[in-house]
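J.: Let's see this in three dimensions:
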Amino acid sequence: MKGRRKKVQHFFVYIIMLVMSGFLIMGGMRQLAMTYELKASINQKQKEKKALSTKKKELEKTKQNLTNPEYVEYIVRGKYLVTKEGEQVFKFPSKD
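T.: Down below sits the predicted model:
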């Protein structure tokens with residue numbers, strides 16, 4: 001009887017250890033998945049930061065150019081066809 005009781009106790013101990021091992025493995029897998037997602041998110045944010053930094057530099061250059069009266073005149077005359085008094089503007093069709 002004692003031998004059988006010990007076998008049953010050992011069986012339950014093994015089952016409990018197996019279940020606990022399963023929970024630990026599942027927890028580790030979740031942590032690995034979370035780490036992978038966070039690394040992917042960090043990479044994406046770094047790419048966005050780089051793109052925004054480039055755009056910021058372009059906007060700062062444009063801002064600096066807009067303080068130059070000659071550049072402003074060039075844009076206004078070219079894009080909006082504003083003329084000085086007495087000037088005539090001729091617009092030719094493009095080849096495309």
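
J.: what residue ranges in the chain are flagged as low confidence?
T.: Filtered on pLDDT under 70, the chain yields the residue ranges 1, 96.

J.: for it, what spans make up the strands?
T.: Taking DSSP state E, the chain contains no strands at all.

J.: Now do the longest helix belonging to it: distance to the chain's middle.
T.: Identified as the longest helix of the chain according to DSSP state H is helix 2-66. Helix 2-66 sits 17 Å away from the centroid of its parent chain (C-alpha atoms, centre = their mean, to the nearest Å).

J.: same for it, what does it pack against?
T.: Of the remaining helices and strands, none touches helix 2-66 by 3 or more C-beta pairs under 8 Å, 6 or more residues apart in numbering; DSSP states H and E. (Glycine included, C-beta is placed from N, CA and C.)

J.: run the last query once more with 10 Å
T.: Contacts defined by 3 or more C-beta pairs under 10 Å, 6 or more residues apart in numbering; DSSP states H and E place helix 2-66 against helix 69-79.

J.: and the angle from the helix it packs on to helix 2-66?
T.: Interaxial angle, helix 69-79 versus helix 2-66 (axes from the mean of the first three to the mean of the last three C-alpha atoms, to 10 degrees): 90 degrees.

J.: Name the residues that touch helix 69-79?
T.: Thr62, Gln64, Asn65, Leu66, Asn68, Val82, Thr83, Lys84, Glu87, Val89 (C-beta atoms under 10 Å, 6 or more residues apart in numbering).
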